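J.: Sequence isn't available, so here's the structure alone:
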């Protein structure tokens, strides 16, 4: 069996670690709690998780996989959208968790079978991984703002 290149191993680890951090930080959060906007305007947990999934789809696409949802239908989770203005469109937190799991399963399956990244995609893959790390941390702060104990010890 061929060994995978180090760059794939790095991304596999980041995808697995990010998923762990995300799921720990959203554990026990109700839909109602996920819709609370800190300071009455900062992005709510629902939007941050939805946005994270929204941006996971281009990563799946770069790797040759289908998105877990139609980006046009879920455009309210796109970068630059004002979540507060589109709060009535946000989907249930439970559905988001299901989409997250689907995206994780697809990413892991693909990363376990791919032999190398196309050289022209490495910068995008790296940037998308950083994007996910950034928002994973935001979920931790949002959890604390909601009065929950920190999940990452």
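T.: That came in fine, so what should we check first? These numbers were taken from a predicted model, which means no experiment stands behind them. Residues are numbered from 1 along each chain as shown.

J.: Can you spell out which helices and strands pack onto the longest helix anywhere in the chain?
T.: Scanning the chain for the helix with the most residues, using DSSP state H, yields helix 122-145. Counting contacts by 3 or more CB pairs under 8 Å, 6 or more residues apart in numbering; DSSP states H and E, helix 122-145 is packed against helix 6-26, helix 45-62. For glycine as for every other residue, the C-beta is placed from the backbone atoms N, C-alpha and C.

J.: Which of those sits closest to residue 39?
T.: helix 45-62 (13.8 Å; CB to CB).

J.: which residue sits closest to residue 100 in space, ignoring its chain neighbours?
T.: Here the nearest residue to residue 100 in space, its sequence neighbours aside, is residue 53; by CB to CB, 6 or more residues apart in numbering that works out to 5.7 Å.

J.: I'd guessed that neighbour sits against residue 99; true?
T.: Yes: using CB atoms under 8 Å, residue 53 is in contact with residue 99, at 5.1 Å.

J.: Mutual contacts of these two, please.
T.: 68, 69 (CB atoms under 8 Å, 6 or more residues apart in numbering).

J.: returning to that earlier point: hey, which of the helices and strands packed on helix 122-145 is tucked in deepest?
T.: Looking across the helices and strands packed on helix 122-145 with neighbours counted as mean count of other CB atoms under 10 Å, the highest average goes to helix 45-62: a mean of 22.

J.: Which strands and helices lie in contact with that helix?
T.: Counting contacts by 3+ CB pairs under 8 Å, 6+ apart, helix 45-62 packs against helix 6-26, helix 31-34, helix 93-113, helix 122-145.
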